[in-house]
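>>> mind looking at a prediction? Sequence and model below.
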Amino acid sequence: MLTFTTIQIHVPGAPALTPALGRYESNGRPAVLLYEVEPEDEFDDGLWCDLTVNLPEQALPGDDWAFVPCDNLMYLREFERRGLAEVGGAARYGSFGQLAVMARLAPALIAEEG
C-alpha cells in the first residue's frame, strides 16, 4: 500500500512530482515512487518513476537508507537540497553494471511499518 505525501519537487525536464511511500515486500526496506502532481489525462495513473530500487543482496547502513539508481540522481539531489535525503556511497548491480547510490531518507520519505 502506498502513502502519498504533500511534498512536491520540481526538476528541469519533469513535471511537478510528489513522492508515494511504501516498503518492499521481500525485506521491508523503504520504497519511494514519484508521481506527477497533475497527470496528463484520465488514462494516466501519474507514475513518473520508481525513485528507489530494491537490492536485497547489498547491505545498507541502516533502516532509513535506500538505493537510488544513478539515473534518478537529479530527483534525489532535489530531496537532498530540501534536507529530506543524504547521498551516500555507490554500489554496482545488475547484469550490465548499473550504478546506484545509497541514500539516507528523512522520516518524511519513509512509510510507516505495518
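Right, received. Where do you want to start?
>>> OK, contacts around the closest residue to residue 82 other than its chain neighbours?
Excluding its sequence neighbours, the residue lying closest to residue 82 (C-beta to C-beta, 6 or more residues apart in numbering) is residue 9, at 7.5 Å. For the C-beta atoms, the positions are set from N, CA and C on the backbone; glycine is no exception. Neighbour list for residue 9: 16, 17, 18, 19, 34, 75, 78, 79, 82 [criterion: C-beta atoms under 8 Å, 6 or more residues apart in numbering].
>>> in three-state terms, label the residue lying farthest from the centre of the chain for me.
Farthest-out residue of the chain from its mean C-alpha position, per C-alpha atoms, centre = their mean: residue 42, at 24.4 Å. Here residue 42 is recorded as coil under DSSP: H, G, I helix; E, B strand; the rest coil.
>>> pull the residues that contact stretch 107-114.
2-3, 5, 7, 19, 21-23, 28, 30-32, 64, 79, 84-85.
>>> repeat the analysis, applying 7 Å as the threshold.
3, 5, 7, 19, 21-23, 28, 30, 32, 64, 79, 84-85 (C-beta atoms under 7 Å, 6 or more residues apart in numbering).
>>> residue 57: which of these is nearest?
residue 28 (15.4 Å; C-beta to C-beta).
>>> quick one: the residue nearest to the spatial centre of the chain and residue 43, what's the gap?
The chain has residue 51 as the residue nearest its centroid, 3.0 Å off, counting by C-alpha atoms, centre = their mean. Distance, residue 51 to residue 43, using C-beta to C-beta, to the nearest Å: 23 Å.
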